[in-house]
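Trainee: A predicted structure for the sequence below; I have some questions about it.
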Amino acid sequence: AQKITQTQPGMFVQEKEAVTLDCTYDTSDPSYGLFWYKQPSSGEMIFLIYQGSYDQQNATEGRYSLNFQKARKSANLVISASQLGDSAMYFCAMRESNAGNNRKLIWGLGTSLAVNP
Amino acid sequence: NAGVTQTPKFQVLKTGQSMTLQCAQDMNHNSMYWYRQDPGMGLRLIYYSASEGTTDKGEVPNGYNVSRLNKREFSLRLESAAPSQTSVYFCASKTGTSSYEQYFGPGTRLTVT
């Protein structure tokens, strides 16, 4: 069965340092996609980054990068130069494997990140 | 563009009452979704609609009904609210074609007493 695991319920990082949030996934489908979303205390869900299973390079979006290790089935989010505004819950999700364009997302339980000044 | 909007933002219901959560998107997206988020449970899919006129059950559909009124609007109805339905409800949408990203509304915090 497809599954997303985020093993770090909570993380702390010092402002301006880099932090890695772990995500491992389980799927037998060769075609899949991985997402990271941010949920600040205000509650909205904000899309951060996407990695397709066939993408040759790791995805990057500004200070966010996705460390994609296909053989280890991991898709860790790296936030460089942490800012106070990065304090939030972070969710890893995987696009489920089936035919068609309306594949649903399978979600991890999230990691709470606190950035200390 | 307003993106995905949800009303109301907050709601308190008594057990047995009914209500409809409204969701609308102005991005011309084909697919729309309803999730609930509970502490320690992550996001769970309630219902989704791949396109106008179609709806399908997700992971936790019991106690809910949906209507895809048109391409823009996707409503979630609780016919007889129960305390177990106390949660934060999110509506999301995506294009349904080459884009995989889902865009989320601000959420509705529902309390059933």
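Mentor: Received, thanks.

Trainee: what about B:Ser93, distance to chain A?
Mentor: 11 Å (CB to the nearest CB, to the nearest Å). In short, each C-beta sits where N, CA and C put it, glycine included.

Trainee: What residues does chain B have near chain A?
Mentor: B:30-31, B:33, B:40-45, B:48, B:50, B:58, B:88, B:90, B:92, B:96-97, B:100-107, B:109 (CB under 8 Å from any CB of the partner chain).

Trainee: Can you turn the buried part of those residues into a ChimeraX selection?
Mentor: Burial among the residues of chain B next to chain A is assessed by 16 or more other CB atoms under 10 Å in any protein chain shown; the matching ChimeraX selection reads:
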select /B:30,31,33,42,43,45,48,50,58,90,92,96,100,101,102,103,104,105,106,107,109
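
Trainee: In strands, which of the residues of chain B next to chain A fall?
Mentor: The strands, defined by DSSP state E, take in B:31, B:33, B:42-45, B:48, B:88, B:90, B:92, B:103-104, B:109 from those.

Trainee: So in that sheet, which strands flank the helix or strand of chain A with the lowest mean pLDDT, and in what orientation?
Mentor: Across the helices and strands of chain A, mean pLDDT, DSSP states H and E gives its lowest value to strand A:105-107, namely a mean of 88. Partners of strand A:105-107 in the sheet, by DSSP bridges, are strand A:88-95 (antiparallel).

Trainee: Find the residue at the geometric middle of chain B.
Mentor: B:Trp34 (2.9 Å; CA atoms, centre = their mean).

Trainee: Quick check: bridge partners of that one?
Mentor: Beta-bridge pairing of B:Trp34 under DSSP bridges involves B:Tyr47, B:Cys91.

Trainee: so who does it touch?
Mentor: For B:Trp34, the contacting residues are B:21, B:23, B:45-48, B:58, B:64, B:66, B:74, B:76, B:89-91, by CB atoms under 8 Å, 6 or more residues apart in numbering or on different chains.
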